[in-house]
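Visitor: A predicted structure for the sequence below; I have some questions about it.
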Amino acid sequence: QVQLVESGGGSVQAGGSLRLSCAASGYTSRPYSMGWFRRAGREKVAEIWRGGSETYYTGPVKGRFTISQDNADYTLYLQMNRLKPEDTAMYYCAAKRSDGGTWSDWGPGTQVTVSS
């Protein structure tokens, strides 16, 4: 059974950094795409696909956040630097198993709180 579990959230002051991790288990092959979402899944923060050769970032995080993935076990990471209070949210990891598929797999989320 597929499972995604996030970790690494916490409380930091503005300007600080956090690194989120998403442990993936139960996959028999690499998901086509994995990503980070916030705002109850309504905002896609970052995505990585095609074996890590393609990435996407939403405008407000460009230049501050970096998405990466471990090719050995598909663990997903989000390095978040120069955090702002508006980055405060529950962050969710999600996976799309095939090209053209839906975001079918979701983790329970990890809370990030940034104070000014």
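Guide: Sure thing, it's come through. Numbers count the residues shown, from 1 in each chain.

Visitor: Show me which positions of stretch 89-106 end up buried.
Guide: For stretch 89-106, a neighbour-count test (16 or more other CB atoms under 10 Å) marks 89-97, 103, 105 as buried. C-beta: built from backbone N, CA, C; applies to glycine.

Visitor: quick one: average confidence on that stretch?
Guide: Averaging pLDDT along stretch 89-106 yields 96.

Visitor: rewinding a little: which one of the buried residues of stretch 89-106 sits closest to Cys22?
Guide: Cys93 (3.3 Å; CB to CB).

Visitor: Need the pLDDT of the closest residue to that closest one other than its chain neighbours.
Guide: Once flanking residues are discounted, Cys93 sits nearest to Cys22: 3.3 Å by CB to CB, 6 or more residues apart in numbering. At Cys22, the pLDDT value in this model is 98.

Visitor: which strands and helices sit next to the helix or strand Cys22 falls within?
Guide: Secondary structure assignment for Cys22, by DSSP states H and E: strand 18-25. In terms of contacts (3 or more CB pairs under 8 Å, 6 or more residues apart in numbering; DSSP states H and E), strand 18-25 is packed against strand 3-7, strand 33-38, strand 76-80, strand 89-96, strand 110-115.

Visitor: For Cys93, see how far away Glu54 is.
Guide: 18 Å (CB to CB, to the nearest Å).

Visitor: likewise Glu43?
Guide: As for Glu43, its distance to Cys93 is 14 Å (criterion: CB to CB).
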